[in-house]
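In: Sequence first, then the predicted structure, then my questions.
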Amino acid sequence: MLAIVRRELNLGPAAGAREAARLAELLGADGDAETLTGALCECVAHGEIDVDDPKLIEHLWATTLDTVAIDQPNYATYPLRHRR
């Protein structure tokens, strides 16, 4: 548990900034990651952003990889996907 907290403190701020930047580009709006994630969900729900949009898919992969880097960096496929 302490290792996760340590990784969150070390990696979390940069991961959050990258996520917010990707969301801002995807949505054409400014805000924090939490607010922009809510806006993204609304856009997808209303069909304003297609679930097959390559930019959306890339954002979701990058966010997932950042989360895995913090929560489970030894996850078996993480090193393979991280090299994408």
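Out: Perfect, I can see it now.

In: alpha carbons only for contacts and neighbour counts from here, please
Out: Noted.

In: Around the nearest residue to I49 once chain neighbours are set aside, count how many other residues there are.
Out: Among residues not flanking I49 along the chain, C43 sits closest, at 5.6 Å (C-alpha to C-alpha, 6 or more residues apart in numbering). Number of residues near C43 (other C-alpha atoms under 10 Å) recorded here: 15.

In: ok, now N10?
Out: The local packing of N10 (other C-alpha under 10 Å) involves 12 other residues.

In: And P73, its phi and psi?
Out: Summarising the backbone geometry of P73 under the convention degrees, to the nearest 10, its torsions are phi -60, psi -20.

In: related to what we said a few turns ago, now name the helix or strand holding the residue nearest to I49.
Out: Counting by DSSP states H and E, the secondary-structure element that holds C43 is helix 33-45.

In: ok, and what's touching that helix?
Out: Contacts made with helix 33-45 from outside it, assessed by C-alpha atoms under 8 Å, 6 or more residues apart in numbering, are listed as G16, A17, E19, A20, L23, A24, L27, A29, D30, I49, D50, V51.
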